[in-house]
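One predicted model, sequence on top.
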Amino acid sequence: MNTVQQDTISTQTRKGACLAFFTAYDDLDTARMIGLAAPDATVHFRPLGDAGKGSFWEFGKGVWDLLIDCFPDLSNSVDSLSAEGDTVTANVTIEGTQAKEFMGLPSKGLRFNSDHIFVFRFNEADQIQELTIDWDHASFVRQLSEPVTQ
């Protein structure tokens, strides 16, 4: 198989892995989410700074489990996927209604809707090796703190 065909297959496989990640996330299934990553994969929730960095399998799973527990109707919609080399960037809308305290934010039963950027880097086995997630954290906090008035 020539290199162009191999690159095309890897790109399709990697995009498919990203879609599988978001399908598992939408199904609230963290075991399936982390199963797509290499055992030594890392995750960085950028707005949280250095406190938002850790192991994909342990730290990432813990954050996603907490999100799912606190936002039981959590859902996502993939707006776009783009690939370049070993990297896939996903623009995703995530939303949910807060049912429990989340990272110091008391629950007021409010809903958030937030655009996120997920940047996946894959290893040669087409497993997620690194994931960086970014969002407007101030808007997220504001949506959960202040009821919308019309």
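Okay, I see it. Numbering: from 1, shown residues only.

so Lys108 makes contact with Ser145?
Yes: between Lys108 and Ser145 there is a contact under CB atoms under 8 Å: 7.3 Å. For glycine as for every other residue, the C-beta is placed from the backbone atoms N, C-alpha and C.

For His44, which residues are in contact?
Residues in contact with His44, defined by CB atoms under 8 Å, 6 or more residues apart in numbering, are Gly52, Lys53, Glu130, Leu131, Thr132, Ile133.

So for the longest helix anywhere in the chain, mean pLDDT?
The helix spanning the most residues in the chain, taking DSSP state H as the definition, is helix 3-26. Helix 3-26 shows a mean pLDDT of 85.

Can you point out the buried residues in that helix?
Ser10, Thr11, Arg14, Lys15, Ala17, Cys18, Phe21, Phe22, Ala24, Tyr25 (16 or more other CB atoms under 10 Å).

what packs against it?
Applying 3 or more CB pairs under 8 Å, 6 or more residues apart in numbering; DSSP states H and E, one finds that helix 3-26 contacts helix 30-34, strand 75-84, strand 87-97, strand 111-122.

Mind putting the ones you listed into a markdown table with mean pLDDT and mean neighbour count?
What follows is the helices and strands packed on helix 3-26, written out as a markdown table (pLDDT from 0 to 100; neighbours: other CB atoms under 10 Å):
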| stretch | mean pLDDT | mean neighbour count |
| --- | --- | --- |
| helix 30-34 | 97 | 17 |
| strand 75-84 | 96 | 14 |
| strand 87-97 | 98 | 18 |
| strand 111-122 | 98 | 17 |
